[in-house]
Structure formats: C-alpha cells, structure tokens
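A.B. asks: Sequence plus the predicted model coming up.
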Amino acid sequence: MNDDGSTTVSGRVPPAEAVVVAAGASRRMEGRDKLLSIVGGRPLVAWSLAAVAAASTVGRIVLVVPADRVSHYAAAGWLPAKVAAVIAGGARRQESVAAGVLRLDALAGGLDSSARVVLIHDGGRPLASPGLVDAVATAAAVHGAAIPVLAVAETIKRIDGERIAETVDRSSLATAQTPQGVRRDILAAAWAVHPPGAVETYTDEASLLEACRIPVHAIPGEPDNLKVTLPADLDRVAATLRRVEPGVGLGRDWHPFGPGSPLRLGGIEIEHAPRLHGHSDGDVALHAVADALLGAAGLGDLGRLFPADDRTPRGADSGDLLVDVVRRLAGVGSRPRSVDLTIVAGRPRLDTHLPLIRDRLATLLGVDPGAVNVKASSGNLSGPEGAGRGIGAEAVATVGPA
C-alpha cells in the first residue's frame, strides 16, 4: 500500500483509480431503480463494484449516485473496501464523472496524479470481469486512453422511413463498453477544451476525447459485459450469474520458523511459539486456504497476486490477503462454500487452538463455522514439519455461485 492509499501494481503500469457512475434515472426500467434491483442475491450495482474492486490494478474507487441516495449507498454493507467515497452526481453523465474524478484528486492529498489512469465504469454493467478492468487500465497506461469494444455481428441497415436505404459496411464498426480508461493528464487536457459543464453532451469518455482529436486505443471487450437498460436485461444478468460453475481447489504452503514471536497461524496469534519466516506474516494456513480458493475459481495463485517483493508490504497480514481473495471471487460471481484444512506441525501443540482457527477462518471467508474443518498432524516426526523446523498446511476448498 502506498502513502496515498493506492495499491502498487507490477511492471510499468501505474496504479489506477476508478469512478463508478450510478447516478442515472433508469428511465426505461418501468419505474424500477435498476442499480438497486436484486440480482443473484444482491443489488445490481454491487456486482459492478465487485468486479472493479477485484481488479489488481485498481487502488481506489469513488461511487457517484443520485444526491438523495448518498446516505443510503454509503451505509450499504456490500460496498467493497476499495470504495473510498460515495458522492452525489450531476444532471448529466459527464458531470457525474467529473465530480468523481475531482474527488479522486482530493483523496490523493495533493500528490501528483497526472500519470495515473482513471477508469470510468457504468454501474449498470455488472458482468465486466476483473481481467477486463485490468486490461483497460494497462492499455490506457501505455496508449493514454483505451476502451473495450465488440465487433458488430449483425448486418446493419440504414433505414429511410419504412424502407431499407442501404446496407452499411460493418467491418469498421464496433459497440463501446466500459470501463473506459484515460490518463489523468490527458483527461485534464480534454476538459480544458470541452469542460464538463459546457453545453455539449458526450455519451462516454471516448467521444469527449474524439472531439479533442485525442487517440483512443481499442481492446477486445466481453460479450457478457452488457449494460442493463430494460427490465428484461436483469433476467439476462441473472442467467449469466447462474452459469458460474462450482469448483474445487487444492492449496499447499510451508514456512520455516524464524526469529521472534508470536506465531501467526490460521488467523490467530499463538503466544510463546516462534514466528514463521516469510515476506508476509508467514501464516501458512491462510496461504493454503487462499491458494485453494483461487484454484477452485480459476483465478491464479497467491504468489502472482501478492509477490514476495516490494509490491506486497513486508509483514502483511495474511487475513487481509485472504479477504482480498474472497473479494476477487465475488468479482467473478463466486464465493467460498467449504474448506478442509490440515496443519502439519511437530510443534507447538495445536489441539486447543483448532476451534479458534476454525471460527476465525469462517469469519474471514463469510461462511458458517460448520463449513470449515480444521485438523492438525504432527507429521509423524518426519520431514521438516515433523522435525520442528517449520509448519506446513494443505487445504481443499470448494466454491460456488455467489
């Protein structure tokens, strides 16, 4: 974590910040507020936020909502931890975006953010994947601005009254999606020419940049990344979320004992036992569970998400890492179902600590304690664990639709 609260990402891609726009009037939803409509067990906008928050490039999010609903959204229990502010939007989308970006500037505490990427995502697009968010952020950092697009599959006709006037060449046509990304300095240059409060209306960030002759890089979008506009779209989202398949994953970890104490294991502290050596707090039990969950959901592994270098704070709390993994699962419509954890240690004795570890794991995962099973083995006095030189852990986890 950086001094300004953002998260450092790998390579030369700077950390991104995001504005999620949810201040529209839902005029075509037959009187329903589409963003608060319950789909898959939670509000539609909660899915949109979860996808952005699960992206590794995103360090901070500002949610922009109608002025009369700021307090309602701000108190919602489903807001991801990366949501740093909930603010009122403007009369038009471009004014809501500007309000969100200016709040991000204020949250940066005066630090130079000119090279940072700002992502703008529609709150009514709940099915964008965290991978798409990261891809847009990366492309915007490299090219200055980027959007995801889909090629037009249908034949396009131009209509003149009730007659077909011509068939339009679709080879150069595409539909635009969000998130759309732009470097902060480039956005400032565009606003200098066309301020957000001016009479011109721009339907998205790409159209603003086009008006300023600023190139916008196109990357492949996602077919499922639909924008909910009509009531029937909610059914399409629900059907897509139901396609999330259950999964099973295996995770293993081992750390040697190092200097100092207490021991961090399974999310609890065990006094008078040596600490495990590692870049983080060395909690092999939580690491094994995190890897098992990531494997079950097909989301990679813990080492790639939190590498043992300056991208991950030294001594990081493994409980925070596990919570982040659970958020990433939510971003792809999945959640933990069960965990079976085995801890292998010749020392210390763990029998009295197992119920505490089970309860702590259940809390971190957001599941009932009955869905968590924790066992301990001495390692039969063989191997480094059995010889008392370190502790190992192995976990089997299942995930299912959120």
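C.D. replies: Yep, it's here.
A.B. asks: can you list the residues that contact stretch 350-363?
C.D. replies: 265-268, 270, 285-286, 289, 319, 339, 341, 343, 368-369, 371-376 (Cβ atoms under 8 Å, 6 or more residues apart in numbering). All C-beta spots, glycine's among them, are computed from the backbone N, C-alpha and C.
A.B. asks: From those, keep the buried residues only.
C.D. replies: Neighbour-count burial (16 or more other Cβ atoms under 10 Å) is assigned, among these, to 265-268, 270, 285-286, 289, 319, 339, 341, 343, 371-374, 376.
A.B. asks: Can you flag which of those residues belong to strands?
C.D. replies: Using DSSP state E, the members of those that fall within strands are 265, 268, 270, 339, 341, 343, 372-374, 376.
A.B. asks: what does the model give residue 3 for pLDDT?
C.D. replies: Confidence at residue 3, expressed as pLDDT, is 37.
A.B. asks: ok, now residue 105?
C.D. replies: 92.
A.B. asks: does it count as helix, strand or coil?
C.D. replies: Put simply, residue 105 is helix when judged by DSSP: H, G, I helix; E, B strand; the rest coil.
A.B. asks: and it, how many neighbours?
C.D. replies: Look at residue 105: counted by other Cβ atoms under 10 Å, it has 17 neighbours.
A.B. asks: For residue 93, see how far away it is.
C.D. replies: 19 Å (Cβ to Cβ, to the nearest Å).
A.B. asks: for residue 162, same thing?
C.D. replies: Going from residue 162 to residue 93 by Cβ to Cβ gives 33 Å.
A.B. asks: next one: residue 198
C.D. replies: 14 Å.
A.B. asks: okay, those two: which has more neighbours?
C.D. replies: Neighbours per residue (other Cβ under 10 Å) separate residue 198 from residue 93, with residue 93 holding more: 21 against 11.
A.B. asks: Show the backbone phi and psi for the closest residue to the more buried one other than its chain neighbours.
C.D. replies: Distance criterion Cβ to Cβ, 6 or more residues apart in numbering; nearest residue to residue 93, sequence neighbours excluded, is residue 21 at 6.1 Å. Torsion angles at residue 21 (phi, psi; degrees, to the nearest 10) stand at phi -90, psi 120.
A.B. asks: Please, where are all the strands along the stretch 51-200 of the chain?
C.D. replies: With strands called from DSSP state E, counting those that start in this stretch, the stretch 51-200 of the chain shows them at 58-65, 83-88, 117-122, 145-151, 156-160, 163-168, 174-176, 180-183.
A.B. asks: Just list what the fifth one packs against, helices and strands only.
C.D. replies: When you say that, I think you mean strand 156-160. Contacts defined by 3 or more Cβ pairs under 8 Å, 6 or more residues apart in numbering; DSSP states H and E place strand 156-160 against strand 163-168.
A.B. asks: Now do the strand it packs on against strand 156-160: the angle between them, please.
C.D. replies: 150 degrees (axes from the mean of the first three to the mean of the last three Cα atoms, to 10 degrees).
A.B. asks: residues making contact with stretch 224-237?
C.D. replies: Contacts of stretch 224-237 (Cβ under 8 Å, 6+ apart): 28-30, 32, 34, 37, 39-40, 44, 47, 122, 124-129, 132, 148, 177-178, 240.
A.B. asks: Quick check: ChimeraX command selecting the buried ones in those.
C.D. replies: Only the buried entries of these go into this ChimeraX selection, using 16+ other Cβ under 10 Å:
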select :29,34,37,39,40,44,47,122,124,125,126,127,128,129,132,148,177,178,240
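A.B. asks: In helices, which of the contacts of stretch 224-237 appear?
C.D. replies: 44, 47, 132, 240 (DSSP state H).
A.B. asks: Please determine how far the closest residue to residue 103 other than its chain neighbours is located from residue 98.
C.D. replies: Once flanking residues are discounted, residue 103 sits nearest to residue 62: 4.9 Å by Cβ to Cβ, 6+ apart. With distances taken as Cβ to Cβ, residue 62 is found 11 Å from residue 98.
A.B. asks: Which one's more surrounded, those two?
C.D. replies: More crowded of residue 62 and residue 98, by other Cβ under 10 Å: residue 62, with 25 against 20.
A.B. asks: list the contacts for residue 348?
C.D. replies: Applying Cβ under 8 Å, 6+ apart, we find residue 348 in contact with 263, 270, 272-273.
A.B. asks: again, 10 Å this time
C.D. replies: Under the criterion of Cβ atoms under 10 Å, 6 or more residues apart in numbering, the neighbours of residue 348 are 263, 265, 270-274, 388, 391.
A.B. asks: Repeat that for residue 22.
C.D. replies: By Cβ under 10 Å, 6+ apart, the contact list for residue 22 reads 33-36, 43-45, 48-49, 63-66, 69, 73, 86, 89, 96, 121-124.
A.B. asks: give me the low-pLDDT residue ranges for the stretch 101-250 of the chain?
C.D. replies: 110-113, 242-245 (pLDDT under 70).
A.B. asks: which residues sit against stretch 208-220?
C.D. replies: Outside stretch 208-220, the residues within contact range by Cβ under 10 Å, 6+ apart are 94, 97, 132, 135-136, 138-140, 142-151, 174, 176-177, 180-182, 186-187, 189-194, 196, 200-202, 204-207.
A.B. asks: Now do the helix or strand hosting residue 337: which elements does it pack against?
C.D. replies: Here residue 337 sits within strand 334-344, counting by DSSP states H and E. Secondary-structure packing of strand 334-344 (3 or more Cβ pairs under 10 Å, 6 or more residues apart in numbering; DSSP states H and E): strand 247-256, helix 284-297, helix 318-331, helix 354-365, strand 372-377, helix 383-386, strand 390-401.
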